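1. Using only what follows, build the 3D model:
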Amino acid sequence: MRAPRVLLTCFAACLAAAFAVPVASASGNTSSSGTTVPGRPHIDCSQNHSMCTEVADSEEVFGEGHYVGHDEPSLLFYSNRPGSGNRMQYEGVIPTDPPAQPVIGKRSYNFQLFATIWYGMVLCDTQSYPEQRTTCTPDTDNNIVPAGVADRPGAAFMELQFYPPGYVRQFDGFSCSATRWCVAMTIDSLSENPVTGQFLNDTCAAMVGVEPVNFAYLTHSGKSQAPANPVQFDPVAAGKPDPSKALFMSAGDHYTATLHDTAHGLEAVVEDLTTGQSGSMTASAANGFGQVKFLPNPSKKCVNIPYDFHPMYSSASPAGILPWGAAQYNIAIDTEIGHFDYCSTTPKPFGSCTGEEDTFTTGHHPADVDDNFCFPARMSTRVKVNGCEDSNTGFDGTSYLPDWPNGSTTWRPGPVMLTAPTTGSSYDVQYPQVAFNVDLPRIEDNPHYGGSCNRDTGAGCTRIPVTDDGMPAAFYPYYTSGKALGGCAWTMGQSVPGFTTQDYGKNAEYGNILQLSYIGGPNGAVVKRFNDYQRVLPNNPCLRP
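-> Predicted coordinates for the structure are as follows:
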């Protein structure tokens, strides 16, 4: 592929992206009407790794030697039925946490194991990669184009993200609350033309990022707290959930999550069946959702185009993909792991660890290059521990220890319970196939953290990742299933006594290394990358009632 581009960012914008303080940019943003408004802090994917969809080639997008991404073991759901790619419903149970008295190396919490659990879907975005078509007709399989072919509609990726409580979040400087969960809709786009090698202009990229994100919490009214689009995003108004407006849920709550298209964009509805409360959000221009107009250099403008984001595909066919993602999928459940490691020395907020990392149970390990975005225990909302929330690409943080739910309520969280989606007019039609997917090769190809995986050939890649000490990770989580929610449900981590009936071979469930095709440059050249492991089952072994 072409030589990597160096993304111009500034420290002020990076710090502001964590929402510690509002910081104005040197240049103003430009609205869709052309008026200049004060620069705002934004969700910067080059800094806030836990929030953003992982691209196929991070160094190319964000700059040489600058890895941006995270570990995303996923469940994929396939169906050729019309509507299965844009209309579905899930059920789940919010997991419990053990008592809020941390015992380092012995007691674990949900926020230490994963940053978020999300439900995903590909959406139309005519200002996003690959910038080859000016239109995208939503909700149709006519948008299905073979992987690697440049002549295709622009695509974005929606994640309905559930955030665990109890600790500071790198994104907004707060957790949802000390004890409760909240839910947000995020939509990631990629401002890149892979055929010409052009990116969003440097001035705008410094303000909204080259992977701009629309963000809005689900609210009781269905109205966004503030504009969701990247150009007008306000971290004070939109970055922290307002208790009087946003949906909050508690441990043990049983919920349904419904995704369906409307005349003005995809709507997400979460109903808390335990409390009777609900929250929703529609990805509409009326809620302040918008595209970042693709204006490469030498332009210096940053233009928001009010936009209703609609699903791209009709079905959940395996051929309907996100063309720029490290994982090329559509309808998915994901547990985003690898975002917490301990730090022995109280760090400066948002800084790097200056002491020792890990759980201090296997010897002394000085902090290393992935121990960033750290917080002292005094900033925690509930669980008082020092910790770092950068992407743990050294594979030695809490996610990579057998600290996942194991049946204990004293020392471990309760298991996350999630059902497969159902589709149809009454949400009573099952998806006939399930696949396991994980983007480990994309992460292991990182010499700055000791990675040895060659994504061109697949050599040196492994389903048990190698730590930055050169040893296999102590543990790698996997999906299991068992009886729950009136039928069958999934959980992430390890086998849970009293629940797990199938473990699908544990880590072997992720299958073989998978070669993917991407748009590689002039004349629509195709580039091959080994970015994932994937295993497609012949059926759906875990059906809802």
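2. Please make it C-alpha for all contacts and neighbour counts, starting now.
-> Fine.
3. is it fair to say residue 205 lies in a helix?
-> Yes: according to DSSP: H, G, I helix; E, B strand; the rest coil, residue 205 belongs to a helix.
4. For it, give me the pLDDT.
-> On the pLDDT scale, residue 205 is placed at 93.
5. What of residue 422?
-> In this model, residue 422 carries a pLDDT of 98.
6. And for the one 4 residues further on?
-> What the model reports as pLDDT for residue 426 is 97.
7. repeat for the one 5 residues further on
-> Confidence at residue 431, expressed as pLDDT, is 98.
8. With residue 17 instead?
-> Residue 17 is assigned 33 on the pLDDT scale.
9. now swap in residue 4 and tell me
-> 30.
10. And the one 10 residues further on, by the same measure?
-> In this prediction, residue 14 carries a pLDDT score of 30.
11. Now for residue 459: which residues touch it?
-> residue 453 (CA atoms under 8 Å, 6 or more residues apart in numbering).
12. helix/strand/coil for it?
-> Residue 459 - assigned by three-state DSSP - is coil.
13. Just give the number of residues close to residue 411.
-> If you count neighbours by other CA atoms under 10 Å, residue 411 ends up with 20.
14. Over to residue 457?
-> Using other CA under 10 Å, residue 457 is surrounded by 12 other residues.
15. Could you report the neighbour count for the closest residue to it other than its chain neighbours?
-> Using CA to CA, 6 or more residues apart in numbering and skipping the chain neighbours, the partner closest in space to residue 457 is residue 530 (7.1 Å). The number of residues packed near residue 530 is 25, by other CA under 10 Å.
16. would you list every one of the strands in the stretch 401-545 of the chain?
-> 417-418, 422-423, 429-430, 433-438, 478-484, 487-493, 500-502, 512-521, 525-536 (DSSP state E, counting those that start in this stretch).
17. in the last one, what's buried?
-> Which is strand 525-536. Counting neighbours by 16 or more other CA atoms under 10 Å, one finds that the buried residues in strand 525-536 are 525, 526, 528, 529, 530, 531, 532, 533, 534, 535, 536.
18. circling back to that earlier point, who's in contact with the residue nearest to residue 457?
-> By CA under 8 Å, 6+ apart, the residues touching residue 530 are 441, 442, 454, 455, 456, 457, 458, 513, 514, 515, 516.
19. just for this protein, where's the confidence low?
-> With pLDDT under 70 as the threshold, the chain has low-confidence stretches at 1-51, 53-69, 168-175, 359-363, 446-451.
20. all helices for it, in order.
-> 11-17, 58-62, 110-113, 202-208, 235-238, 440-444 (DSSP state H).
21. In PDB, could you pull the C-alpha coordinates for the third one?
-> Once side chains and other backbone atoms are set aside, the C-alpha atoms of helix 110-113 remain, and they are given as PDB (Å, rounded to 0.1, in the frame of the first residue of the first chain):
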ATOM      1  CA  ASN A 110     -16.700  -5.400  34.900                       C
ATOM      2  CA  PHE A 111     -14.900  -2.100  34.000                       C
ATOM      3  CA  GLN A 112     -11.500  -3.900  34.400                       C
ATOM      4  CA  LEU A 113     -12.500  -6.700  32.000                       C
END
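22. which other helices and strands contact that helix?
-> For helix 110-113, there is no helix or strand it packs on, judged by 3 or more CA pairs under 8 Å, 6 or more residues apart in numbering; DSSP states H and E.
23. List of residues touching it?
-> Under the contact criterion CA under 8 Å, 6+ apart, helix 110-113 has outside partners 97, 164-167, 337-341, 398-399, 403-404, 413.
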